[in-house]
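**Q** fold the following and give me the result.
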Amino acid sequence: MSAAEVRDVLASNETSPLIDPKVVDYRRMEGIVPPGIYAVVPGDSLKDLVVAWIRAAEKRYDGIVAASATTNGLSASDRLKLASMVEAECLADEYYSEVATVFLNRLASGMKLMSCVTAEYAIGFQRPYLTTADRKVVDVYNTYVAAALPKGPICVVDDGSLAAAIAVRQSRPIVYFFYDYILDDMFFFEDYTVFHAAALEARARYVANSDIPMDVKVNKQELFGKGPVTRLTYPK
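**A** Have a look, this model is predicted:
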């Protein structure tokens with residue numbers, strides 16, 4: 001199949017509570033397919049597989065909801081969008097609940113979500129630190145510009161991210177956070193002034209201890225989230 005044919009099938013009108021009806025192109029399937037191994041039977045069409053993936057996603061979602069002690073008021077499709085942001089932000093696969101809480105707190109207060117990973121999705125690549133121009137890109141997926149959640153999910157999610165996006169937020173009034181590349185840890189804040197000062201310290205730590213420029217295109221999952229480092233270098 002050509003790339004155009006694949007995009008057409010992914011944009012098919014198969015419906016699901018997990019798919020926001022406002023997403024009408026091939027990105028309707030973004031974030032839907034649960035990680036796993038799927039049998040491809042000779043004779044199956046891509047449309048058959050898409051339907052099977054959607055049903056598998058719904059089954060996983062329903063199972064996590066059933067196992068959750070509490071659930072928030074977001075729709076299924078919005079929970080998947082939130083889960084994708086949590087997944088992409090948590091490079092070390094930690095702090096899912098805290099990151100979800102930050103975004104839920106921002107939603108509740110009417111703040112923009114201002115998630116770097118959504119801006120990266122909009123521009124099509126990652127950097128250690130976004131530029132001002134990156135954050136200003138006008139796109140329905142960039143939450144520095146668009147209000148509330150992105151138009152659709154931005155990546156595949158694991159069960160932990162999805163569970164955090166389904167649950168009721170923590171009682172902590174945290175609304176700011178950052179990931180420290182050198183310390184390989186995340187830090188959460190209630191007050192902007194305290195957050196800003198700590199973030200500047202982390203940025204300076206990165207400059208002093210990294211051979212990777214701040215604005216270069218990178219694969220964050222490849223470079224970061226593997227434990228504290230004394231110096232960051234490109235993988236060989």
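**Q** report the helix or strand with the lowest average pLDDT across the protein.
**A** Per-element confidence for the chain was summarised using mean pLDDT, DSSP states H and E. The lowest value among helices and strands belongs to helix 3-10, with a mean of 90.
**Q** contacts for it?
**A** The set of residues external to helix 3-10 that reach it, using CB atoms under 8 Å, 6 or more residues apart in numbering, is Met1, Asp25, Tyr26, Arg27, Arg28, Met29, Leu46, Lys47, Val50. The way it works is simple: take the backbone N, C-alpha and C, and place the C-beta from them, glycine included.
**Q** highest neighbour count among those?
**A** Ranked by neighbour count (other CB atoms under 10 Å), these have Arg28 at the top, with 25 neighbours.
**Q** how about the contacts made by the closest residue to that one other than its chain neighbours?
**A** Once its chain neighbours are removed from consideration, Arg28 has its nearest residue in Ile19; the separation is 5.4 Å (CB to CB, 6 or more residues apart in numbering). Contact partners of Ile19, counting by CB under 8 Å, 6+ apart, are Arg28, Met29, Ile32, Ile54, Ser77.
**Q** Leu183 now?
**A** Applying CB under 8 Å, 6+ apart, we find Leu183 in contact with Ala202, Arg205, Pro228.
**Q** gap between the nearest residue to Gly152 once chain neighbours are set aside and Tyr96?
**A** Distances taken as CB to CB, 6+ apart place Val23 nearest to Gly152, at 4.3 Å, with adjacent residues excluded. When CB to CB, to the nearest Å is the yardstick, Val23 and Tyr96 sit 24 Å from each other.
**Q** how near is the nearest residue to Tyr129 once chain neighbours are set aside to Val9?
**A** If you skip the residues right next to it in sequence, Tyr129 has Met214 as its closest partner in space, 4.3 Å away by CB to CB, 6+ apart. Between Met214 and Val9 the distance is 39 Å, computed by CB to CB.
**Q** buried stuff in the least confident helix or strand of the chain?
**A** Using 16 or more other CB atoms under 10 Å as the test for burial, helix 3-10 gives Val9, Leu10.
**Q** buried set for stretch 161-176?
**A** Neighbour counts using 16+ other CB under 10 Å place Ser161, Leu162, Ala163, Ala164, Ala165, Ile166, Ala167, Arg169, Gln170, Ile174, Val175, Tyr176 of stretch 161-176 among the buried residues.
**Q** and Phe103, what does it touch?
**A** The contact partners of Phe103, taken as CB under 8 Å, 6+ apart, are Leu82, Met85, Val86, Leu113, Ser115.
**Q** out of those, which are inside helices?
**A** Restricting these to those inside helices, with DSSP state H as the criterion, leaves Leu82, Met85, Val86.
**Q** burial count for the last one?
**A** Applying the criterion other CB under 10 Å, we find 28 residues in the vicinity of Val86.
**Q** the closest residue to it other than its chain neighbours and Pro153, how far apart?
**A** Across the structure, with CB to CB, 6+ apart as the measure, the residue nearest Val86 apart from its sequence neighbours is Ser161 (4.5 Å). When CB to CB is applied, the distance between Ser161 and Pro153 equals 10 Å.
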